[in-house]
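Enquirer: Have a look at this prediction, sequence included:
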Amino acid sequence: MYKAIKDDKIIAISDTDSEFPCLVKDEVVEDTEHVATDYVEYEGEYILKADYPIEARNEEIRAERQARYIVESDPLRLDYDEALARGQDNAEALKEQWLASKDKIREELPYIVESEDEEETESAKEVE
């Protein structure tokens with residue numbers, strides 16, 4: 001794997017190309033310990049995933065959850081609201097479907113919490 005370095009920052013990575021012909025760079029460094037998927041882009045440079053700030057990852061998780069809520073949960077909520085407003089018998093079943101959908105998304109996209117021993121995940125149940 002190769003890293004293009006500019007101003008002491010990794011500006012590009014590649015598993016195969018050691019040239020980076022279109023980049024203005026200070027140097028190209030071979031990294032035999034990592035592969036490109038070990039890195040993530042963060043604030044204009046590439047850093048190892050292990051060094052990726054938890055707050056930034058949790059913000060991505062929040063945005064991913066929000067996008068899924070819009071597609072998966074919100075339509076169920078609207079169905080529930082309508083059934084409730086019309087006094088329909090299926091309102092409670094729709095409510096359970098809606099809440100189960102939100103719980104599923106939270107379970108699949110848990111927030112990361114830092115512990116003293118190791119990094120672990122927590123499925124936060126806060127309302128978003």
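Expert: All right, it came through fine. Numbers count the residues shown, from 1 in each chain.
Enquirer: got the buried residues for the helix ranked longest in the chain?
Expert: In terms of residue count, the longest helix belonging to the chain (DSSP state H) is helix 91-108. By 16 or more other Cβ atoms under 10 Å, the buried positions in helix 91-108 come out as Ala91, Leu94, Lys95, Trp98, Ser101, Lys102, Ile105, Arg106. Every C-beta, even on glycine, is put in place using the N, C-alpha and C of the backbone.
Enquirer: For that helix, name the packing helices and strands.
Expert: Packing partners of helix 91-108 (3 or more Cβ pairs under 8 Å, 6 or more residues apart in numbering; DSSP states H and E): helix 54-68, helix 74-86.
Enquirer: With pLDDT added, can I get the buried residues of helix 91-108 in JSON lines?
Expert: Listed next are the buried residues of helix 91-108 as JSON lines, based on pLDDT from 0 to 100:
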{"residue": "Ala91", "pLDDT": "97"}
{"residue": "Leu94", "pLDDT": "98"}
{"residue": "Lys95", "pLDDT": "97"}
{"residue": "Trp98", "pLDDT": "98"}
{"residue": "Ser101", "pLDDT": "98"}
{"residue": "Lys102", "pLDDT": "98"}
{"residue": "Ile105", "pLDDT": "98"}
{"residue": "Arg106", "pLDDT": "98"}
